[in-house]
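*Asks:* next input, structure requested:
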Amino acid sequence: MNEPKLTIEDVADPMEIARHREQDEQFKRNLDWIESHWSDIPPAEYGKYLAVGGQQVFLADSPQEARALAEAAHPNDRGIWVYFLRRPGGPRIYGNRWPVAKRS
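*Replies:* Sure thing, here's the model as predicted:
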């Protein structure tokens, strides 16, 4: 069978560990920043992708474009966060909740 293979490695290189910790810290700073500024996003931007890099918001029509904007403005930020701004309420789907009996 073609089962996926999983490899677990023990990383002991101090430089690699420091790089990952820095990325995690940058990501947390960006996430904390957007949580405190969430109400600043106007409803007109719903339906777009939001990227946060360097504690700054970038909006675009695709996730790749939003990320590219954030990377261009903050090339050293490895903790960029990308999110789709869903419209509030969401779609409403109605359907029969009870089986419909056949009439004779």
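*Asks:* contact partners of the host helix or strand of Asp32?
*Replies:* Secondary-structure element containing Asp32, defined by DSSP states H and E: helix 14-37. Residues outside helix 14-37 that contact it (Cβ atoms under 8 Å, 6 or more residues apart in numbering): 11, 50, 52-55, 57, 77-81, 83. In short, each C-beta sits where N, CA and C put it, glycine included.
*Asks:* same thing with stretch 50-61?
*Replies:* With Cβ under 8 Å, 6+ apart, stretch 50-61 has contacts from 29-31, 33-34, 37, 41, 45, 48-49, 63, 66-71, 73-74, 77, 79-85.
*Asks:* still on that earlier bit, now a PyMOL select for only the buried ones of the contacts of helix 14-37.
*Replies:* With 16 or more other Cβ atoms under 10 Å as the criterion, this PyMOL line picks the buried residues out of those:
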select buried, resi 50+52+53+54+57+77+78+79+80+81
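*Asks:* picking up where we left off before, can you tell me the average pLDDT over the helix or strand following the helix holding Asp32?
*Replies:* Downstream of helix 14-37, the first helix or strand assigned by DSSP H and E is strand 49-52. For strand 49-52, the mean per-residue pLDDT is 96.
*Asks:* re the thing from before, buried residues in the helix holding Asp32, which are they?
*Replies:* Using 16+ other Cβ under 10 Å as the test for burial, helix 14-37 gives 26-27, 29-30, 33-34.
*Asks:* just the contacts of helix 14-37: which are in helices?
*Replies:* Using DSSP state H, no member of the contacts of helix 14-37 falls in helices.
*Asks:* from the contacts of helix 14-37, which two are the most distant?
*Replies:* For the contacts of helix 14-37, the maximum inter-member distance is 32.7 Å, found between Val11 and Val57 (Cβ to Cβ).
*Asks:* if you count contacts, what does whichever helix or strand Leu69 is part of end up packed against?
*Replies:* Using DSSP H and E, Leu69 sits in helix 63-73. Judged by 3 or more Cβ pairs under 8 Å, 6 or more residues apart in numbering; DSSP states H and E, the packing partners of helix 63-73 are strand 49-52, strand 57-60, strand 81-84.
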